[in-house]
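> Here is the input, now give the coordinates:
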Amino acid sequence: MIFVRNVLRARLRSVMTVLGIAGGVALFVAISAITSDLQKQIGAAVSAYNLEVVVYEKRATSPFSSKITRAQMAALTTQFGQALTPVVVGSLNEKWNPYAMVIGVDSNFAKRIPLIAGDRFSQGRREVMLGEISAQRLGLTPGQTLRLDGEDYAISGVFRTGSRLFDGGIMAQIDYVQEMLNHVGGDGHFTLALLQTGNRETKDRLVREIGASFPTLRAIAGTEFAGSLRLLKVIDTFAHTISVVVLIGTCLVVTNTMLMAVAERTREIGILMTVGWSPWLVLRMLVAESLLLCTLGAAVGNVLALALLNIVNQMESVGFGWVPVHLTAILIRDSLAATLAVSLVALAWPAVVLWQIQPLTALRHE
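Numbering: from 1, shown residues only. The predicted structure is shown next:
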């Protein structure tokens, strides 16, 4: 366990190195968790209710920016009948949250939403259902009222979809949500049209039919919806870029530590070589030290990432349920694998320096 003693010899430097690695890992993990979870939540919400086809505006960059006109929705309803479900999704800037998600659905779709308290909203009444997360964050229960867009709405029930993104939202009759989101007095629009098909052949046919009949709309399989949005693609690309920069910075931190270790132990390395140690054996010792530092850094970094996600989730400037508060096993595994890869890459320069050391010269080193 000589490599453990070597790490403990320069405790302050080792601690600073571990913290440097942990900071990079925390940022990498937190960004990756948010981007991957957002796509997963949107996909899960669509697939949970067997909504095999999603229709949205072709130019839309996010679920909120899609706009399907009343005329288009009427034509879709005429063509597909009961198989089609119109949905309005948007966000309101309220005092209690600047990104309060509101979801407008018809009464038939509302019946499919599982409740954990109260009842579903009544048609024609100013009632809303709160998602489980929003009810917890606001401390509200059925029977109380919630002010939305300057109007008081009675809370009829609390629902749970299993998707944090939607469980952090508010669901109401589609006409009222259109009224909330329409501030310019124009004709209210729809966000999405959801279709149930029954089989794959029908789904593929409907996708083609909608593409041909509605040139400004796009139909796509529900499981592919999240990955098709341009905004999410941009966010994912940005996250990957940041991750690469963070990993390079982490690599430089480890490289610097290993170079300092070689410089400080030049005489010691010369002694080891004179008693029979080959450069490979010395390098193996450095590899063990690097792996130990990076493993500790990865462990601390994941803990810091989890703490960071929980802090961000509690901020009022973030929508309820938009930020994950846990890390998946796959993400932890990937962060550990990336850190271990960094620990090996970071030894490239120290290995070159080590190979240039001559035993007799090293013995005279002060």
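> State the distance from Ala71 to Thr216.
Distance of Ala71 to Thr216, computed by Cβ to Cβ, to the nearest Å: 11 Å. The way it works is simple: take the backbone N, C-alpha and C, and place the C-beta from them, glycine included.
> Low-confidence stretches in this protein?
1-3, 6, 43-51, 62-64, 183-187, 198-200, 222-233, 316-317, 359-366 (pLDDT under 70).
> Other residues contacting stretch 4-11?
Ser14, Met260, Ala261, Glu264, Arg265, Met285, Glu289, Leu292, Leu293 (Cβ atoms under 8 Å, 6 or more residues apart in numbering).
> Go ahead and confirm Ile269 touches Val282.
Yes: judged on Cβ atoms under 8 Å, Ile269 makes contact with Val282 at a distance of 5.6 Å.
> Find residues that contact each of those two.
Leu354.
> So for the two, which sits in the more crowded spot?
Each of Ile269 and Val282 has its neighbours counted (other Cβ atoms under 10 Å); Ile269 has more, 23 against 20.
> what about the helices in the stretch 251-366 of the chain?
For the stretch 251-366 of the chain, the helices defined by DSSP state H, counting those that start in this stretch cover 266-274, 279-313, 329-345, 348-355, 359-363.
> Name the stretch among the ones you listed that sits most buried.
helix 279-313 (a mean of 19; mean count of other Cβ atoms under 10 Å).
> And the strands in this structure, which stretches?
With strands called from DSSP state E, the chain shows them at 53-57, 84-94, 97-105, 115-118, 127-131, 145-148, 151-159, 170-173, 192-195, 217-221.
> got the buried residues for the third one?
For strand 97-105, a neighbour-count test (16 or more other Cβ atoms under 10 Å) marks Asn97, Tyr99, Ala100, Met101, Val102, Ile103, Gly104, Val105 as buried.
> How about Leu296: what's its closest non-neighbour residue?
Val18 (4.9 Å; Cβ to Cβ, 6 or more residues apart in numbering).
> Among the buried residues of strand 97-105, which pair sits farthest apart?
The distance between the two most remote of the buried residues of strand 97-105 (Cβ to Cβ) is 20.5 Å, for Asn97 and Val105.
> Kindly state the beta-bridge partners for Ile103.
Val89, Met171 (DSSP bridges).
> So it sits against Met171, correct?
Yes: judged on Cβ under 8 Å, Ile103 makes contact with Met171 at a distance of 4.7 Å.
> neighbouring contacts of stretch 171-184?
86-88, 90, 92, 102-107, 110, 113, 121, 123-124, 126-131, 148-149, 151, 153, 159, 188-190.
> Is there a quick ChimeraX command that grabs whichever of those residues are buried?
Buried members of the contacts of stretch 171-184, defined by 16+ other Cβ under 10 Å, are picked up in ChimeraX with:
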select :86,87,88,90,92,102,103,104,105,110,113,121,126,127,128,129,130,131,148,149,153,159,188,189,190
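> for Ile103, what are its contacts?
Val87, Val88, Val89, Phe166, Gly169, Ile170, Met171, Ala172, Val177.
> how about the helices of the stretch 1-150 of the chain, start to end?
2-9, 11-47, 70-80, 107-110, 132-138.
> Which of these sits closest to Ala305?
Nearest of the helices of the stretch 1-150 of the chain to Ala305, taken as Cβ to Cβ: helix 11-47 at 3.8 Å.
> Report the inter-axis angle for that closest one versus strand 217-221.
110 degrees (axes from the mean of the first three to the mean of the last three Cα atoms, to 10 degrees).
> Would you mind getting the angle between helix 11-47 and helix 329-345?
140 degrees.
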